[in-house]
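Trainee: coords below, sequence missing:
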Ligand SMILES: Cc1cc2nc3c(=O)[nH]c(=O)nc-3n(C[C@H](O)[C@H](O)[C@H](O)COP(=O)(O)O)c2cc1C
């Protein structure tokens, strides 16, 4: 019989043991209550996920201030008033000896107009996507200091609430990734220009957090292997940043893409600067792992496209990575995950949503999964008949509704 590498424990540099190698990657929940707190919908989702037997569950992104939320329905952490609600959530999510880490984020220029028409970013480079995002203001020095303080404070509150680790979201074009990319960071001060300066915000946040949380609390970063945009954060730059991260982290998660190039959902776009060999593999960022392995020894989690047990097990056996990250199967295949971990079924579902209109396909894919996730959180069944075209408007409609409820009720 083949050895099941997926179902083996792993000890992180900080000493924490994760019971197996399957990780649920962050998925924004969009289901907070009017006060933007976690509630019974979070409890239901995270209990279901803990019951699958996964090793590590990373929460959807939680904002470090009340404005720069990725979703109008997402939780934010600014102070300890939210602590009792976080404690309830953490307690349920940790059942079944599950590690539960909070993904902390600031959306920067990717904050929807419904939340602010003038978000803060590294520079004033606007994101043009369906007219949904305002022109950002370049942060002043004191505002950067506030961002650092807020990330560290939110991480401290997560630990106090009982979450077992944190992850800083530095991928997918959110604020920390905006600072990293020369396309969105045009600054000429110590926070912009050469890579050392563009990565200063991320490095400072990690160092300051470590000082507060100590060496035995897991700290992770989700980083792009590349933005896949001409003139953006490249693979070479990503590798340089990873070298700088060596020794600072307990886990590095690799993904890729931004709102403008949504490659995190699949490497099938013809116009992407991505190698054919990568496109053809089940997990589209795994090629990058060899390069990462050769320059750093941070435990490695790769996310995007993993669906078959044999492929995952082989990648773990070959030490291409230490953890398998999955997101969408934790929506469409929750009831199969336990058998998957034990190697009893090989394939998980891979529903790709296509409208036939290329420009709205990424909105359709995101909308389909967002809607299904919310249905599960509400205790409903998956709606497998959802039409692709209808899905493409789901997120905008949901966000508008959530933003209006918050403003007027
Ligand atoms: C509904 C949904 C919400 C997501 N929200 C987040 C998020 O909050 N933070 C994040 O880093 N990635 C987020 N992602 C991206 C996933 O973590 C993951 O990188 C991507 O879906 C590829 O993995 P998969 O092929 O296993 O789905 C989200 C994906 C989906 C489908």
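Mentor: That came through fine. For clarity, every value in this text was computed on a predicted model and none was experimentally measured.

Trainee: pull out the buried positions in stretch 57-70.
Mentor: Across stretch 57-70, burial judged by 16 or more other C-beta atoms under 10 Å covers 57, 58, 59, 60, 61, 62, 63, 64, 65, 68, 69, 70. From N, CA and C alone the C-beta is placed, and that goes for glycine too.

Trainee: cool, and stretch 92-106?
Mentor: Those buried within stretch 92-106 under the rule 16+ other C-beta under 10 Å are 92, 93, 94, 98, 99, 100, 101, 102, 103, 104, 105, 106.

Trainee: ok, and of the residues you listed, which contact the ligand?
Mentor: Among the buried residues of stretch 92-106, the ones lying near the ligand by C-beta under 6 Å from any ligand atom are residue 103.

Trainee: mind checking which of the buried residues of stretch 92-106 land in helices?
Mentor: Mapping the buried residues of stretch 92-106 onto helices (DSSP state H) picks out 92, 93.

Trainee: want to try CSV for the buried residues of stretch 92-106, with pLDDT as columns?
Mentor: Below are the buried residues of stretch 92-106 laid out as CSV (pLDDT from 0 to 100):
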residue, pLDDT
92, 98
93, 98
94, 98
98, 98
99, 98
100, 98
101, 98
102, 98
103, 98
104, 98
105, 98
106, 98
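
Trainee: let me know the closest of the buried residues of stretch 92-106 to residue 369.
Mentor: Distance to residue 369 across those (C-beta to C-beta) is lowest for residue 103, with 16.5 Å.

Trainee: and the residue nearest to that closest one when sequence neighbours are not counted, how many neighbours?
Mentor: Spatial nearest neighbour of residue 103, chain neighbours left out: residue 26 (4.2 Å); criterion: C-beta to C-beta, 6 or more residues apart in numbering. Counted by other C-beta atoms under 10 Å, the residues lying close to residue 26 total 26.

Trainee: can you tell me the SS state at residue 26?
Mentor: Per DSSP: H, G, I helix; E, B strand; the rest coil, the local secondary structure of residue 26 is coil.

Trainee: which strand or helix spans residue 125?
Mentor: Using DSSP states H and E, residue 125 sits in no helix or strand.

Trainee: excluding chain neighbours, give the residue nearest to it in space.
Mentor: Closest residue to residue 125 apart from its sequence neighbours, by C-beta to C-beta, 6+ apart: residue 184 at 4.9 Å.

Trainee: does the one you found touch residue 126 like I think?
Mentor: No. Using C-beta atoms under 8 Å, residue 184 is not in contact with residue 126; the gap is 9.7 Å.

Trainee: contact residues of the protein facing the ligand?
Mentor: So the chain meets the ligand at 25-28, 60-61, 103, 169, 171-172, 222, 255, 264-265, 303-305, 326-328, 369-370, 373 (C-beta under 6 Å from any ligand atom).

Trainee: which ones among those residues lie within helices?
Mentor: Per DSSP H, the subset of those in helices is 369, 370, 373.

Trainee: of all those, which comes closest to the ligand?
Mentor: Lowest distance from the ligand to these (C-beta to the nearest ligand atom) belongs to residue 369, with 3.9 Å.

Trainee: what is the burial count for residue 80?
Mentor: Counted with other C-beta under 10 Å, residue 80 comes out at 13.

Trainee: what score does residue 267 have for pLDDT?
Mentor: We have a pLDDT of 55 for residue 267.

Trainee: cool, and residue 373?
Mentor: 97.

Trainee: quick one: contacts for it?
Mentor: 27, 29, 30, 45, 331 (C-beta atoms under 8 Å, 6 or more residues apart in numbering).
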